[in-house]
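[1] pasting a predicted model and its sequence here:
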Amino acid sequence: QVQLVESGGGLVQAGGSLRLSCAASGGTFSTLAMGWFRQAPGKEREFVATISYSGGRTNYADSMKGRFTISRDYAKNTVYLQMNSLKPEDTAVYYCAGRNAPYGDSYYMRTYDYDYWGQGTQVTVSS
């Protein structure tokens, strides 16, 4: 069973940056496609970014393109989300997700695509 633990959330002013980390254990990290999602109060969980198991393919929600970067470190079994130019509307709980990828080097953008989830980390952006 894969366990995912997020860290790196916090309070930041608008225009600032944060880097979220998601440490994976209990599985083979190099075979997992990974994603980041977020959920603001009263809203549904939404897609943020995803990366394929090789790291060679990534995709982002339109509102995050150019501001957020997803990456992964196989030596540390960790996936990162670098968030720059943060806005108050980025305030949410951010979740890391993972799944095995049996169909090739694909990425996944829907919550129901993922089997494993972390507990979430709060990001608050003040104006």
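    Right, received. Where do you want to start? Numbering: from 1, shown residues only.

[2] name the nearest residue to Gly56, sequence neighbours excluded.
    Residue nearest to Gly56 in three dimensions, not counting chain neighbours: Asp105, with 6.2 Å by C-beta to C-beta, 6 or more residues apart in numbering. To be clear about C-beta, it is placed using only N, CA and C from the backbone, and glycine gets the same treatment.

[3] for the one you found, helix, strand, or coil?
    Taken by DSSP: H, G, I helix; E, B strand; the rest coil, the conformation at Asp105 corresponds to coil.

[4] quick one: Leu86 from Leu18, how far?
    Counting by C-beta to C-beta, to the nearest Å, the gap between Leu86 and Leu18 amounts to 7 Å.

[5] hey, what's the nearest residue to Arg45 once chain neighbours are set aside bridged with?
    Setting aside the residues directly before and after it, Arg45 is nearest to Gln39 in space (C-beta to C-beta, 6+ apart), at 4.3 Å. Taking DSSP bridges, one obtains Val93 as the residues bridged to Gln39.

[6] for stretch 120-127, buried residues please.
    Neighbour-count burial for stretch 120-127, counted by 16 or more other C-beta atoms under 10 Å, picks out 120-121, 123, 125.

[7] before we move on, what about stretch 31-44?
    Buried residues in stretch 31-44, counting neighbours by 16+ other C-beta under 10 Å, are found at 32-38.

[8] looking at those, which is nearest Ser7?
    Within the set of those, Trp36 lies nearest Ser7; the separation is 13.0 Å, counting by C-beta to C-beta.

[9] for Cys22, state which of the buried residues of stretch 120-127 is nearest.
    In terms of C-beta to C-beta, no member of these lies closer to Cys22 than Thr121, at 8.8 Å.
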